[in-house]
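Enquirer: coords below, sequence missing:
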């Protein structure tokens, strides 16, 4: 368990620094959620579609602490001339992070639009009402439970989400899906922002923890996200084309058709009712073959359900009850036929 106390103290220090800096206008929207805006702003010809150009969110899952360190680093280097549009920064589940747990009662990233008295459902409603419903672009920073071969975006496919991801990082792997929700357990942050007319992206930096390469990548992505979303915000208030598709560059069709780093589900394995033991050493983006043994269920071999790349293997070391809905997924590259289908999605 990583002690997040120093990082939470740094978060408080940085937000207080911004409050005292005359170059920023900062407002606490709700607990551990702040709006940061430039004091001087250009006169607008029209109103933006959302009052918050970009929201950066960390520790949506309490034990995925890398995003907190990346966000603190971003704030520590923030100067008035680097903020040109209103942005928000959020720590999702501080209580779970202090406890070293993914969540306390219910997964916060499955709690948006949910009903109930769990603390995470109340937190999701608070963030939805005060921040996310007014967010034009969301970057939610996560880490995986098991190691990952590389960082990756993951989000429900929409044209603007895809183009924004490729604006932030043109080469990073992305995992996407369409036609059904990511999880049967509930709505995630990115899907909620999409449902409110914004654009939501999640990024997985790598295995949960503090690792310099991941944190450097996280800061890089935050800066790129803020810069891109701010540009769109200014295009809107100046009555210019705010679409992420830059007419001076390749078209959406050309970019998508040439993209070889976009993946979707080939297979999803439900979590079994019998005792399960995955084999040691499984990780995200591990290449696997259909029929390959990846563990045992009830004493029998557990054979992989498809060719592709493994994603989100669940060892369930914390013995979560109820257990996760899924045991693992397998990725495949999005085919040309599926890309044609995506081009026609509304």
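Expert: Okay, I see it. Since we're looking at a predicted model, the values are computed, not measured.
Enquirer: for the rest of this, base every contact and every neighbour count on C-alpha atoms.
Expert: Noted.
Enquirer: ok, what's across the strand from the spatially most central residue of the chain?
Expert: Centroid-nearest residue in the chain: residue 202, 1.8 Å away (criterion: C-alpha atoms, centre = their mean). In this entry, residue 202 is beta-bridged to residue 140, residue 154, by DSSP bridges.
Enquirer: in contact with it, which residues?
Expert: Residues near residue 202 by C-alpha atoms under 8 Å, 6 or more residues apart in numbering: 139-142, 153-155, 190.
Enquirer: residues of stretch 307-325 that come out buried?
Expert: 307-315, 324 (16 or more other C-alpha atoms under 10 Å).
Enquirer: can you redo those residues as CSV with distance to residue 15 and pLDDT?
Expert: Shown next, in CSV, are the buried residues of stretch 307-325 (distance: C-alpha to C-alpha, whole Å; pLDDT from 0 to 100):
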residue, distance to residue 15, pLDDT
307, 47, 98
308, 44, 98
309, 40, 98
310, 39, 98
311, 36, 98
312, 34, 96
313, 37, 96
314, 36, 93
315, 37, 91
324, 36, 83
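Enquirer: what's the first-to-last distance across stretch 76-93?
Expert: Distance across stretch 76-93, first residue to last, is 21 Å (C-alpha to C-alpha, to the nearest Å).
Enquirer: quick one: stretch 53-61 to chain centroid distance?
Expert: Centroid separation for stretch 53-61 versus its chain: 8 Å, with C-alpha atoms, centre = their mean, to the nearest Å.
Enquirer: now do that stretch: everything it contacts.
Expert: Contacts to stretch 53-61, defined as C-alpha under 8 Å, 6+ apart, come from residues 65, 67-68, 71, 85-94, 96-97, 101-103, 107-109, 132, 135-142, 222, 225-226, 229-230, 232-233.
Enquirer: what mean pLDDT would you report for it?
Expert: Mean pLDDT, stretch 53-61: 98.
Enquirer: so what's the backbone phi/psi at the residue of the chain most remote from its centre?
Expert: Distance from the C-alpha centroid of the chain, by C-alpha atoms, centre = their mean, peaks at residue 299 (36.3 Å). As for residue 299, its main-chain torsions (degrees, to the nearest 10) stand at phi 90, psi -10.
Enquirer: all strands for the stretch 1-150 of the chain, in order.
Expert: 24-30, 33-38, 52-58, 87-91, 135-144 (DSSP state E, counting those that start in this stretch).
Enquirer: could you dump those into TSV with distance to residue 15 added?
Expert: Listed next are the strands of the stretch 1-150 of the chain as TSV, based on distance: least, C-alpha to C-alpha, whole Å:
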stretch	distance to residue 15
strand 24-30	8
strand 33-38	8
strand 52-58	14
strand 87-91	10
strand 135-144	19
